[in-house]
Each structure stands twice: as C-alpha cells, then as structure tokens.
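**Student:** Here is a sequence with its predicted model. Questions after.
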Amino acid sequence: MRRIIFAVLCMLSAGVLPAQKTFTLASPDGKVTSTISVGDNLTYDIRVDGRQVLAPSAISMKLTDGTEWGVRPRIAGKKQTSINEEIASPLTRQATMKNECNVLTLSFKGQYAVEFRAYDNGVAYRFLTQQKKPFCVEREGVEYCLPQDYSCTVPYVKRFNESDPQAQFFNSFENYYTTAKSSELDSRRYCFLPLVVQAENGVKLCITETHLENYPGLYLAGSTKKFSGVHAPHPKDVEQGGHNMLQMLVKSRENFIAKVEAPRTFPWRIAMISRQDKDLAMNNLSYLLAAPCRVPDVSWVKPGKVAWDWWNDWNIYGVDFTAGINDETYKYYIDFASQKGIEYVILDEGWAVNKKADLFQIIPKIHLKELVDYAKQKNVGIILWAGYWAFERDMEHVCSHYSQMGVKGFKVDFMDRDDQIMTDFYYRTAAMAAKYHLMIDFHGAFKPAGLNRTYPNVVNFEGVNGLEQLKWSSADVDQVAYDTEIPFIRQTAGPLDYTQGAMVNAAKGSYYPNYSEPMSQGTRCHQLGLYMILESPLSMLCDSPSNYLTLGGPCTDFIAQVPTVWDETIVLQGEMGKFIVTARRKGTTWYVGGITNWDARDVEIATSFLAGGKYKVESFVDGVNAKYKGSDYKYTTASFSAGETMKIHMAPGGGFAIKLSK
C-alpha cells in the first residue's frame with residue numbers, strides 16, 4: 001500500500017510568530033511538492049522530482065472596498081487532510097476516477113481561506129470565504145512565474161485591437177496554437193485556457209481552471225518568465241446584436257469582475273503536471289475538482305452520434321426534391337440515421353425565423369412537430385440549434401414546450417463571452433435543461449471547466465478550432481498539426497464538439513476551402529481515428545448522408561456504431577503536436593485510434609491491455625496511395641491474440657481505427 005507523505009513545516013519559535021511562515025505540501029507519492037509562503041504576500045511554487053518548475057507565484061484577491069486578500073495576510077488557522085476515494089464518472093472516458101491528494105487549507109483573518117491540493121499529477125488552489133455580507137471583487141491576482149524562459153504553447157484570443165484591449169473578452173474561444181518562448185509571447189494579447197508550459201526534462205505544466213460557477217473565466221497574458229491573470233469586468237450595459245441578432249453585446253463595464261452575495265468557493269486554479277505527454281492527455285483534474293453532480297438521476301441522458309446538417313450545407317443528392325432547410329431534407333437525414341443506427345439528427349441554424357431571436361417563430365418549410373414524430377417512429381431523436389439570446393430570453397418556456405414536443409436537447413450557440421453574467425447562464429441553462437430532461441451542447445463556448453460533472457446532461461462544449469474552420473480557412477492553415485495538439489491541451493478541460501467525420505479528404509497540398517462541399521485535411525483514416533482520440537459524448541457525423549452512403553462504405557458503418565462514452569481509456573503513446581494513439585473500452589470490446597501530423601509514422605502497439613484470448617479485428621489503415629489521395633484506405637478483418645504486437649503505418653496526415661471484439 002502506498003505510503004502517504006504529507007509534510008507541513010511551520011517555522012515558529014516559542015510563543016513568537018516570525019514575519020514569514022512556510023508550509024510544504026507534498027503529493028501522495030511525494031514527488032510533487034509545493035511550498036506555500038505567508039509573508040508580505042501569499043505565494044506558492046511547484047517542484048517535480050525536486051526540480052522547481054513553477055517559481056514562487058503570488059495569490060491575491062482585491063475587493064472594491066480596498067480589502068486585499070493574500071496581501072499582508074494573517075493566519076487564523078490551518079487544516080490538513082488527505083483524500084483517497086474512487087468517484088463515479090458516468091458519461092465520460094472512464095466509468096470511475098481515482099481522486100487521491102493531500103490538502104492544506106489556510107484560514108486568514110478577514111473571513112477568507114485558501115485551499116491547496118497536491119496530486120501526483122498536479123497542484124491546485126482556490127479561495128473560499130464565509131463572509132455573509134455582499135461584496136464585489138475588483139480583481140483577482142493570478143500569477144504563474146517561470147524559473148526559466150520556457151517554451152509555451154498558447155491559444156491567443158483571435159480578435160485583437162491594440163487601442164481596446166477589452167474587446168478581446170468578446171471571442172469564441174477558437175484559435176490555433178502558438179508555440180514560443182515566454183519572452184517571445186505578445187503580452188498585449190490574452191491567452192485563453194488551457195495552455196501548456198514546457199519545462200525541463202520532459203515535464204509539462206498544463207494551466208487551466210475548473211468549477212467556473214458565477215465567476216468570470218481566467219485569461220493569461222504572457223511575458224518573459226511570467227503569465228499574469230486577467231478577467232472580464234462585469235457587464236454594465238448590454239444590447240442585442242451580433243450574429244443574426246442572437247447575441248448580447250457588452251457596451252460598458254463595471255469597475256469590478258464579480259458580485260458575491262453569500263459565502264462561496266471560487267474557481268480552482270490548476271497546474272496539471274506530466275513527465276510524458278501521454279499522461280497529460282489522461283489528466284482528470286478538471287473533472288475531479290469540479291462540483292459533484294446535481295442531477296439525482298442521469299439515466300435519461302443518452303449520449304450518441306448525431307447526423308449534422310450545417311457543415312455539409314444540406315448538400316444531399318440523388319433525390320427527387322430540392323435539398324435545403326425543409327421537411328423533405330430532414331426526413332432524408334432521419335431515414336439515414338435510422339438506417340445506420342445513429343441516435344440523433346440536429347436541426348442547425350435556419351429552422352427558426354432569422355433575426356427574430358424567437359424560438360417559437362418557425363419558418364414555413366419546417367413542420368417541427370411532424371418531424372419530431374416522424375423521427376420518433378424511426379427511433380431517432382431530434383436536437384435543435386438555438387442562438388444564445390433566443391434561448392436565454394425565454395428559457396423555461398422553451399425547455400418546457402420543446403421537451404413536451406419530444407425534442408431531446410439543444411445546441412446553444414454564440415455566447416462568445418465568459419464574464420460573470422455568462423458563466424451564470426451556463427449553470428442556469430444546465431439546471432433548467434435537466435429539469436425538463438434535455439441535453440445541452442454549448443457552442444460559441446468556453447472550456448467545460450467541470451460543468452459536465454456537475455450537470456452530466458451538458459454533453460458537449462465547443463471551445464475548439466474544429467473542423468468547421470475548413471469550410472473557409474486558407475490552404476496555409478495546418479489543421480492536421482492542430483489535431484495532434486488538442487488531446488494534450490484543450491481536451492484536458494473536458495469533452496469537445498470538434499465535428500469530425502469528413503468523407504472528402506485532402507492529402508497534403510490538395511486542400512482548398514469550399515463552403516458548400518467542404519473537405520478535411522489529412523486522410524480518411526485520420527478522420528476515423530478522431531472518433532477514438534477525441535472525447536465527445538454527443539459526437540457529430542459532419543458530412544452529408546449522401547456522401548456517407550456513396551463514399552463511406554464500411555467507414556460509415558464503423559462511425560455509426562462506435563461508442564461515445566467509455567468504461568476505460570488508455571493513452572498508449574503520444575507526443576504533443578506529433579501523434580497520439582488511444583485505446584478505449586466499452587464492455588469487452590476495445591477500440592484503438594491513432595493520428596499523426598504531416599510526418600509519416602510507424603507505430604508498434606503492445607496489446608497487454610487486452611484480456612486473454614482471441615479477438616476479431618476490424619482495421620482501417622491508410623492505403624498505399626493515401627499520401628497522394630487522402631481518401632485511400634484499406635479495410636481488413638482478421639483474428640488476433642491478446643498480447644501480440646500491432647504494427648501500423650500512418651501516411652502523412654494519416655491515422656487508423658481498429659475494433660477488437662472478444
């Protein structure tokens with residue numbers, strides 16, 4: 001049994017408190033430590049295997065009345081505990097998760113405390129307060145000070161206006177990653193989370209936050225050897241506008257970031273730690289530190305695949321009606337979903353009258369109740385797209401009405417903010433949807449930040465520069481490389497709606513943007529591999545049903561039946577920005593997927609994770625000409641013995657997908 005090491009060192013002389021007090025918190029295995037210092041400021045650092053990877057970094061919070069927590073703090077008490085438990089994690093990548101850490105909570109005069117946790121794979125802290133009198137937070141001081149000029153991989157906010165830095169707070173949380181030394185980062189541009197710091201000896205820190213409830217999201221501004229926290233100030237004046245009048249645009253802001261009405265905890269600040277990249281892709285701290293589930297019964301939440309209309313521009317063919325946003329087209333999608341055993345069809349933007357922000361004004365070509373009933377007869381559920389303000393302005397009426405009609409959930413889009421008003425909207429939406437047994441997929445959204453644990457009916461979040469970008473992005477965009485970064489960065493924060501599944505696949509140099517007949521970069525098997533690499537409980541089939549039926553062949557059947565939530569997940573191999581291989585189990589069946597960047601790659605997969613015996617293997621691998629023709633693949637079936645080694649070649653931009661049935 002592993003011995004728990006937890007050392008708390010308090011520098012006290014007889015009856016006299018020195019100017020600075022120091023506490024050392026160690027992880028259960030003793031290899032990760034944090035030194036918390038209480039002097040003029042409250043600071044902490046992180047050491048991994050005895051080597052400092054985060055220099056002393058200040059923690060503070062300033063209230064609008066001038067009070068400053070963490071500045072000249074006076075300790076009122078301390079509490080040390082350990083946690084060692086197994087928690088249920090339904091509708092995720094594994095059935096249960098191990099939650100083991102050591103905890104130090106320091107209470108301070110002024111009715112606040114800071115809780116620190118040390119895990120074998122990370123360190124986290126958060127503020128707490130028992131203050132009952134309402135107050136406002138002017139700013140929170142968040143620092144990540146680096147001992148050296150480390151290389152960092154960050155997603156900048158896309159919109160940047162040097163004359164108006166606050167304009168960056170209106171953004172969709174989508175961008176490719178920039179890798180540079182901290183000294184080379186643009187300190188004027190905000191980075192959204194998660195981001196990665198590459199320390200020494202292969203150690204990486206992935207910085208993120210969780211339990212982002214009724215509090216603004218954290219941005220970081222990078223500079224030489226330091227990241228500094230920034231939050232969106234609380235909106236003061238907003239007006240309807242933006243995309244098709246479905247957004248609320250902030251016109252002015254308060255001089256504070258958050259209102260606090262009652263005793264509460266604040267979001268966790270997390271530094272995930274890995275010595276091997278594959279371990280970073282398996283880090284569960286965002287989920288473990290989130291608020292526990294508030295939905296008493298989640299048995300009605302049914303994840304699955306979704307036939308999606310928007311990416312393929314309703315572009316079906318070989319039919320005797322005009323395709324578009326109409327009953328005939330959606331019945332075609334429903335028939336396809338029913339034929340292939342796909343659980344849902346989504347009606348994306350267009351079914352409600354444009355620019356009205358009213359989900360009860362439906363266009364004449366759509367008879368929604370008829371479609372919902374038709375889908376039900378075919379054992380297919382309907383999910384509806386909704387713009388943010390159309391949903392927010394009449395939330396309970398919308399949920400009640402469409403739940404009674406038989407709709408299974410909503411894809412809510414174009415929030416494009418994470419100030420306090422907006423993070424509160426996420427939790428209110430989740431609770432209201434749960435009341436009416438509706439699933440939610442947030443688009444135009446920030447990272448999950450643990451909400452999927454608290455409300456498992458929130459099955460997906462965007463916050464990723466997904467495949468939709470290839471409808472319009474220029475040929476110099478490298479989506480393939482981005483795909484090999486997502487599992488180690490964005491996905492550490494929780495599930496994502498990347499919308500994979502393209503059947504038109506472009507080898508290197510062949511891609512071009514095409515809005516109505518889009519294509520992916522990389523090979524067909526790269527797209528198939530993403531169904532195992534990425535975590536999406538509600539997983540889209542982005543392409544046209546016509547393409548799946550005419551071009552897909554066995555690929556379509558594989559995508560249609562692959563699970564979307566799992567009993568067990570193992571990241572077998574991987575290097576951020578280069579490749580990843582992931583194995584997932586549902587029952588006794590294993591699925592293994594891999595993707596690579598534009599470098600061809602040979603991998604050997606040891607199958608020690610399999611139970612003994614024989615397996616039927618179905619494999620999709622890049623064809624011999626996939627380097628030149630992205631859609632070239634080879635499908636085979638064979639018998640396989642547990643313990644044997646699989647040898648697989650991936651073409652440039654390639655991948656593979658394997659099913660192992662007991």
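**Tutor:** Perfect, I can see it now. All figures in this text were calculated on a predicted structure; none of them were measured in a lab. Residues are numbered from 1 along each chain as shown.

**Student:** Residue 384: neighbour count?
**Tutor:** Other residues near residue 384 number 23, with proximity taken as other Cβ atoms under 10 Å. All C-beta spots, glycine's among them, are computed from the backbone N, C-alpha and C.

**Student:** Which residues does the strand or helix carrying residue 222 contact?
**Tutor:** Using DSSP states H and E, residue 222 sits within strand 218-223. The contact list for strand 218-223 (Cβ atoms under 8 Å, 6 or more residues apart in numbering) reads 142, 144, 152, 154, 157, 168-169, 182-183, 185-193, 195, 207, 209, 227-232, 267, 269.

**Student:** now whichever helix or strand comes after it and strand 218-223, what's the angle there?
**Tutor:** Following strand 218-223 in sequence order, the next helix or strand is strand 226-231 (DSSP H and E). Put simply, strand 226-231 runs at 150 degrees to strand 218-223, going by axes from the mean of the first three to the mean of the last three Cα atoms, to 10 degrees.

**Student:** how about strand 226-231 as PDB, C-alpha atoms only?
**Tutor:** Once non-C-alpha atoms are left out, strand 226-231 reads as follows in PDB (Å, rounded to 0.1, in the frame of the first residue of the first chain):
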ATOM      1  CA  LYS A 226       5.600  35.000 -16.300                       C
ATOM      2  CA  PHE A 227       1.900  34.700 -17.000                       C
ATOM      3  CA  SER A 228      -0.500  37.200 -15.400                       C
ATOM      4  CA  GLY A 229      -4.200  36.700 -14.900                       C
ATOM      5  CA  VAL A 230      -6.900  38.900 -16.500                       C
ATOM      6  CA  HIS A 231     -10.700  38.700 -16.100                       C
END
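
**Student:** elements contacting that strand?
**Tutor:** If contacts are counted by 3 or more Cβ pairs under 8 Å, 6 or more residues apart in numbering; DSSP states H and E, strand 226-231 sits against strand 135-145, strand 218-223.

**Student:** Give me the angle between the first one and strand 226-231.
**Tutor:** It stands for strand 135-145. Computed by the same axes, to 10 degrees, the angle between strand 135-145 and strand 226-231 is 160 degrees.

**Student:** Starting from strand 135-145, tell me which strands it pairs with and how they run.
**Tutor:** Using DSSP bridges, strand 135-145 pairs in its sheet with strand 51-63 (antiparallel), strand 226-231 (antiparallel), strand 258-260 (antiparallel).

**Student:** same deal with the shortest one?
**Tutor:** Sheet neighbours of strand 218-223, with direction, are listed as strand 190-191 (antiparallel), strand 226-231 (antiparallel) (DSSP bridges).

**Student:** Now that strand: buried residues?
**Tutor:** Across strand 218-223, burial judged by 16 or more other Cβ atoms under 10 Å covers 218-222.

**Student:** Take those and write them to a markdown table, including pLDDT and distance to residue 606.
**Tutor:** Formatted as a markdown table, those follow (pLDDT from 0 to 100; distance: Cβ to Cβ, whole Å):
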| residue | pLDDT | distance to residue 606 |
| --- | --- | --- |
| 218 | 98 | 39 |
| 219 | 98 | 41 |
| 220 | 98 | 38 |
| 221 | 98 | 43 |
| 222 | 98 | 39 |
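
**Student:** Generate a markdown table for the residues you listed, with distance to residue 119 as supplementary columns.
**Tutor:** Shown next, in a markdown table, are these (distance: Cβ to Cβ, whole Å):
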| residue | distance to residue 119 |
| --- | --- |
| 218 | 20 |
| 219 | 24 |
| 220 | 21 |
| 221 | 27 |
| 222 | 25 |
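
**Student:** And these, which is closest to residue 82?
**Tutor:** Minimum distance to residue 82 across those is 27.6 Å, recorded for residue 218 (Cβ to Cβ).

**Student:** surely residue 216 meets residue 231?
**Tutor:** Yes: using Cβ atoms under 8 Å, residue 216 makes contact with residue 231 at a distance of 4.3 Å.

**Student:** Who has more neighbours out of these two?
**Tutor:** Ranked by neighbour count (other Cβ under 10 Å), residue 216 and residue 231 place residue 216 first, with 25 against 21.

**Student:** Provide a list of residues in contact with the more buried one.
**Tutor:** Contacts of residue 216 by Cβ under 8 Å, 6+ apart are 231-232, 234, 257-258, 418-420, 423.

**Student:** now do 7 Å
**Tutor:** Contacts for residue 216 (Cβ atoms under 7 Å, 6 or more residues apart in numbering) come out as 231-232, 257-258, 418-420, 423.

**Student:** Overlap in contacts, residue 216 and residue 231.
**Tutor:** With Cβ under 7 Å, 6+ apart, residue 216 and residue 231 have common neighbours residue 257.

**Student:** how about the closest residue to residue 428 other than its chain neighbours, phi and psi?
**Tutor:** Among residues not flanking residue 428 along the chain, residue 395 sits closest, at 7.2 Å (Cβ to Cβ, 6 or more residues apart in numbering). Dihedral pair for residue 395: phi -60, psi -50, per degrees, to the nearest 10.

**Student:** which element is the spatially closest residue to residue 100 that is not a sequence neighbour on?
**Tutor:** Computed as Cβ to Cβ, 6+ apart, the closest residue to residue 100 that is not its neighbour in sequence is residue 84, at 4.8 Å. Using DSSP H and E, residue 84 sits within strand 75-88.

**Student:** Pull up the pairing partners for that strand, direction included.
**Tutor:** Short version: by DSSP bridges, strand 75-88 pairs with strand 96-108 (antiparallel).

**Student:** For the strand it pairs with, output the C-alpha coordinates as CSV.
**Tutor:** Taking Å, rounded to 0.1, in the frame of the first residue of the first chain, the C-alpha atoms of strand 96-108 are listed here in CSV:
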residue,chain,number,x,y,z
THR,A,96,-14.7,5.7,-12.4
MET,A,97,-11.9,8.1,-11.5
LYS,A,98,-9.3,7.9,-8.7
ASN,A,99,-9.3,11.0,-6.5
GLU,A,100,-6.2,11.0,-4.3
CYS,A,101,-4.5,14.1,-3.0
ASN,A,102,-3.2,15.9,0.1
VAL,A,103,-4.9,19.0,1.2
LEU,A,104,-3.8,22.1,3.1
THR,A,105,-6.3,24.8,4.0
LEU,A,106,-5.0,28.1,5.5
SER,A,107,-7.6,30.4,7.1
PHE,A,108,-6.9,34.1,7.4
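
**Student:** just the buried members of the contacts of strand 218-223?
**Tutor:** 142, 144, 152, 154, 157, 168-169, 182, 185, 189-193, 195, 207, 209, 227-232, 267, 269.

**Student:** Checking my notes, residue 390 in a helix, right?
**Tutor:** Yes: counting by DSSP: H, G, I helix; E, B strand; the rest coil, residue 390 is part of a helix.

**Student:** check contacts around it.
**Tutor:** 246, 352, 357-359.

**Student:** which phi and psi does the residue nearest to it when sequence neighbours are not counted have?
**Tutor:** The shortest distance from residue 390 to any non-neighbouring residue, by Cβ to Cβ, 6+ apart, is to residue 357 (4.2 Å). Torsion angles at residue 357 (phi, psi; degrees, to the nearest 10) stand at phi 50, psi 50.

**Student:** can you put the helices and strands packed on strand 226-231 in a markdown table and add distance to residue 299?
**Tutor:** Compiled in a markdown table, the helices and strands packed on strand 226-231 are given as follows (distance: least, Cβ to Cβ, whole Å):
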| stretch | distance to residue 299 |
| --- | --- |
| strand 135-145 | 39 |
| strand 218-223 | 34 |
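
**Student:** For residue 129, find the nearest of the ones you listed.
**Tutor:** strand 135-145 (8.6 Å).

**Student:** list the buried ones in the closest one?
**Tutor:** Applying 16+ other Cβ under 10 Å to strand 135-145 flags 135, 137-144 as buried.

**Student:** Remind me which helix or strand residue 559 belongs to.
**Tutor:** helix 554-561.

**Student:** which other helices and strands contact that helix?
**Tutor:** On a contact count with 3 or more Cβ pairs under 7 Å, 6 or more residues apart in numbering; DSSP states H and E, helix 554-561 meets helix 327-340, helix 524-533.

**Student:** Could you spell out the sheet neighbours of the very next helix or strand once past the first one, each with its direction?
**Tutor:** It stands for helix 327-340. Heading C-terminal from helix 327-340, the first helix or strand you meet, by DSSP H and E, is strand 344-347. Here strand 344-347 is paired, per DSSP bridges, with strand 304-307 (parallel), strand 381-387 (parallel).
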